[in-house]
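Student: sequence first, predicted model second:
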Amino acid sequence: MSQTLDRPELDVSEQAAPAAPSAQQRAEAWLAAFEEALGRADADVVAALFATDSYWRDLVAFTWNITTAEGRGQVAERVRATAERTGARGFATSEPAADAAAPDGRPTVEAWITFETAVGRGKGLLRLVEEDGDDGARHDVAWTLLTTLHELKGFEEHQDGRRPRGAEHGVQRDRSSWRERREASVEGWGKDRQPHVLVIGGGQGGIALGARLRQLEVPALVVDAHERPGDQWRGRYKSLCLHDPVWYDHLPYLPFPRNWPVFAPKDKIGDWLEMYVRVMEVDYWGSTRVVSAARDEESGTWEVHLERRHPAADGTGEQTEHLVLRPTELVLATGMSGKPNVPSFPGAETFQGDQHHSSAHPGPDAYRGKKAVIIGANNSAHDIAAALWEHGAEVTVVQRSSTHIVRSDSLMEVGLGALYSEEALANGVTTEKADLVFASLPYRIMHEFQIPLYQEIERRDRDFYDRLEAAGFWLDFGDDGSGLFMKYLRRGSGYYIDVGASELIADGSVAVVHEPVRELVEDAVVLDDGTPEGKRLPADLVVYATGYGSMNGWAADLISPEVADRVGKVWGLGSDTTKDPGPWEGEQRNMWKPTQQEGLWFHGGNLHQSRHYSLYLALQLKARYEGLDTPVHELAPVHHTR
């Protein structure tokens, strides 16, 4: 007799609910829908895959630009303009997606992604949230999407399995050595060939870009007025050091060694940059001053006049060589901050002591026992004040507006530790990953991520801030409490990372005053305190720690005021906060991307930005060198000139 086992009937309430899809499944489903709609260039369907408040930041991959689409309307516009020619496909996760949380506590799914376009390969980061759809159901939609061009097909860098062979074995008549080829490469510009790209400025920005272009085989030359690479650092006041930690400051291809100090002194950085130029085989001319540059629109090239100093042939003194170069692309890598701002005070010509801008400060050695007045109260002012005090000078700081102060230890632990630290590396957050995480946070909402960090810093360092304010120092945390990095992005000034100078102010060792400068006299700075005679600050030295202008000031000097104004102001977001006038632009003005002047580019920033954004600028320049089609979507309009 056979026996059957019937499945007992279950009460509906006892049946197990279907398992919720995993983070990986949710990411894969979204990417599949995104790719399918992109393939049809269906702008409305793609837009519906984004949250009502959403952000798609693209670094070159879709737009040949650096730009952020905000909201479904701008997402749809981007798809209509770029989807067909971009040919993006092959979207996939590069590692398992993970559950995370937004600053407001909303659960999110984060997924690292890869993809291809018609001309290149890309990387990115996707963040999904749930949102109610028109059908009343909850759907996964993109809150933020970062897409970046990582390499161009057919023009991949010669790394790993594609590395160059180097020495060619065998025998060959009239063989030239590596050194002879390097010397010919460096010295041949303007003689037997022209650079496609001329980079003006050989600090960390120009050097990083030069290394990228070298690896991409773009004919490029970096020029700088200083004699040796790294002299930009060596020539500054001797107490200068990096205030950012080592994990934040690597250069492309060649990270600092594992025993490199957390905060490197300026001369050590200078030596590293000089070594980097040699090891990375960057074609670099020191002792070279750019006299003028003009664009020939008919030929699509620049005519750049230079003066290059050489040792005289007889070994005595120097001789100056006058040259003309005709690059197609001109990059101003003259420093994020542009030209020094030097105020003009009545009586400055009568002052009998030393006076100079902070960028020209030689250091404290000559001022032992002297009286120093520093106009300004941000990074350079603090560093110079501390060094002068250490050498026995009597120092007074004239603070003209409030300053954001953050202690170095607190910045490292709270502000940067999750991305740039030994702990981050141990958690698998490489420098490349950290850079992409930072890049994935659209500027429109970046302050929302920053505010909680600085609230925690303010809480933990409350006693420190109380003592500074008791000493009369004006403090702020930015217009909206978002702290250091947003101030840097918005205006490039107004902050100090405290490595000791703030304690001198807090305990009264360095005096702080706030009255405006009325005039200089032979032996003093006179402040306007409302009295007829004014408030005298006896002085042997006046340092103008008064910051810098926009980078397009260099364009005005080297090219023309008309070109400078055509390009417009460089740096800032249009946040309508202090020193960052609106309207909102959504990206750094004119940095690392096409400008309103064909063939003119700006590159720079701190070591982190020089490293990260040099890739995207180099890929744009490489594409143009190879004759690829590079239609720029959303070329930024000009709202502000110098």
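Tutor: Perfect, thanks for sending it.
Student: work out which residue lies at the spatial centre of the chain.
Tutor: Central residue of the chain (Cα atoms, centre = their mean): Gln609, 2.7 Å from the mean position.
Student: Three-state assignment for it, please.
Tutor: Three-state assignment for Gln609 (DSSP: H, G, I helix; E, B strand; the rest coil): helix.
Student: offset the numbering so it begins at 393, please.
Tutor: Sure, I'll start counting at 393 from here, so that last one is Gln1001.
Student: if I look at it, how far off is Tyr1008?
Tutor: According to Cβ to Cβ, to the nearest Å, Gln1001 and Tyr1008 sit 11 Å apart. Backbone N, C-alpha and C define where each C-beta goes, glycine included.
Student: which residues in the stretch 693-842 of the chain form helices?
Tutor: For the stretch 693-842 of the chain, helices defined by DSSP state H, counting those that start in this stretch occupy the ranges 771-782, 800-802, 814-818, 823-831, 835-852.
Student: and the ones you listed as a markdown table, adding distance to Ala764, mean neighbour count and mean pLDDT?
Tutor: Output for these, formatted as a markdown table (distance: least, Cβ to Cβ, whole Å; neighbours: other Cβ atoms under 10 Å; pLDDT from 0 to 100):
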| stretch | distance to Ala764 | mean neighbour count | mean pLDDT |
| --- | --- | --- | --- |
| helix 771-782 | 5 | 24 | 95 |
| helix 800-802 | 24 | 16 | 94 |
| helix 814-818 | 38 | 13 | 95 |
| helix 823-831 | 38 | 19 | 96 |
| helix 835-852 | 30 | 18 | 95 |
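Student: would you list the ones you listed in JSON lines and tack on distance to Arg604?
Tutor: Written out in JSON lines, the entries for these read as follows (distance: least, Cβ to Cβ, whole Å):
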{"stretch": "helix 771-782", "distance to Arg604": "28"}
{"stretch": "helix 800-802", "distance to Arg604": "30"}
{"stretch": "helix 814-818", "distance to Arg604": "23"}
{"stretch": "helix 823-831", "distance to Arg604": "14"}
{"stretch": "helix 835-852", "distance to Arg604": "24"}
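Student: closest to Phe507 out of these?
Tutor: Taking Cβ to Cβ, helix 823-831 is the member of those nearest to Phe507, at 13.8 Å.
Student: quick check: which helices or strands does that closest one pack against?
Tutor: Packed against helix 823-831 by the contact rule (3 or more Cβ pairs under 8 Å, 6 or more residues apart in numbering; DSSP states H and E) you find strand 512-524, strand 530-544, helix 999-1017.
Student: now it against helix 999-1017, angle please.
Tutor: Orientation of helix 823-831 against helix 999-1017 (axes from the mean of the first three to the mean of the last three Cα atoms, to 10 degrees) gives an angle of 90 degrees.
Student: got the angle between helix 823-831 and strand 512-524?
Tutor: In terms of direction (the same axes, to 10 degrees), helix 823-831 departs from strand 512-524 by 50 degrees.
Student: could you check the angle helix 823-831 makes with helix 835-852?
Tutor: Angle, helix 823-831 to helix 835-852, by the same axes, to 10 degrees: 100 degrees.
Student: who's in contact with helix 823-831?
Tutor: Residues outside helix 823-831 that contact it (Cβ atoms under 8 Å, 6 or more residues apart in numbering) are 449, 451, 504, 515-517, 538, 540, 639, 642, 647, 811-812, 816, 821, 1000, 1003-1004.
Student: run the chain-centre distance for that helix.
Tutor: Counting by Cα atoms, centre = their mean, to the nearest Å, helix 823-831 is centred 12 Å from the centre of its parent chain.
Student: what's the answer for stretch 900-911, then?
Tutor: Stretch 900-911 has its C-alpha centroid displaced from the chain centroid by 33 Å (Cα atoms, centre = their mean).
Student: one more: stretch 459-469?
Tutor: Relative to its chain's centre, stretch 459-469 lies at 24 Å (Cα atoms, centre = their mean).
Student: for that stretch, which positions count as buried?
Tutor: Buried residues in stretch 459-469, counted by 16 or more other Cβ atoms under 10 Å: Thr459, Thr460, Ala461, Glu462, Gly463, Arg464, Gln466, Val467, Ala468, Glu469.
Student: so what's the fifth one up against?
Tutor: Gly463 sits next to Phe442, Thr444, Asp445, Ser446 when contact means Cβ under 8 Å, 6+ apart.
Student: now do the one helix or strand the second one maps to against helix 999-1017, angle only.
Tutor: It refers to Thr444. Element membership of Thr444 [criterion: DSSP states H and E] is strand 442-451. Put simply, strand 442-451 runs at 80 degrees to helix 999-1017, going by the same axes, to 10 degrees.
Student: quick revisit: and the helices of the stretch 693-842 of the chain: which comes nearest Gly546?
Tutor: helix 823-831 (22.6 Å).
Student: which parts of stretch 611-620 are buried?
Tutor: For stretch 611-620, a neighbour-count test (16+ other Cβ under 10 Å) marks Pro611, Ala612, Leu613, Val614, Val615, Asp616, Ala617, His618, Arg620 as buried.
Student: same question, stretch 739-756
Tutor: Within stretch 739-756, the residues that qualify as buried are Ala740, Phe743, Gly745, Asp746, Gln747, His749, Ser750, Ser751, His753, Pro756, counting by 16+ other Cβ under 10 Å.
Student: circling back: what's the closest of the helices and strands packed on helix 823-831 to Pro657?
Tutor: Distance to Pro657, taken as Cβ to Cβ, is lowest for helix 999-1017 among the helices and strands packed on helix 823-831, at 14.4 Å.
Student: and the closest one, how far out from the chain's middle?
Tutor: Taking Cα atoms, centre = their mean, one finds helix 999-1017 lying 11 Å from the centre of the chain it belongs to.
Student: which elements pack onto that helix?
Tutor: strand 530-544, helix 596-607, strand 721-724, helix 823-831.
Student: the longest one pairs with which strands?
Tutor: Pointing back at strand 530-544 there. Strand pairing for strand 530-544, using DSSP bridges, gives strand 442-451 (parallel), strand 512-524 (antiparallel).
Student: output the ones you listed as TSV; include the columns mean neighbour count.
Tutor: Formatted as TSV, these follow (neighbours: other Cβ atoms under 10 Å):
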stretch	mean neighbour count
strand 442-451	22
strand 512-524	21
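Student: ok, which of those comes nearest Gly884?
Tutor: Checking the strands paired with strand 530-544 against Gly884 by Cβ to Cβ gives strand 442-451 as the closest, at 20.8 Å.
Student: just the helices in the stretch 843-992 of the chain please.
Tutor: Using DSSP H, counting those that start in this stretch, helices in the stretch 843-992 of the chain cover 854-862, 875-883, 893-898, 944-950, 953-959.
Student: mean confidence for the third one?
Tutor: Read it as helix 893-898. The pLDDT scores in helix 893-898 average 96.
Student: what do you get for the second one?
Tutor: Throughout helix 875-883, pLDDT has a mean value of 95.
Student: that one to helix 823-831, inter-axis angle?
Tutor: When the same axes, to 10 degrees is applied, the directions of helix 875-883 and helix 823-831 differ by 70 degrees.
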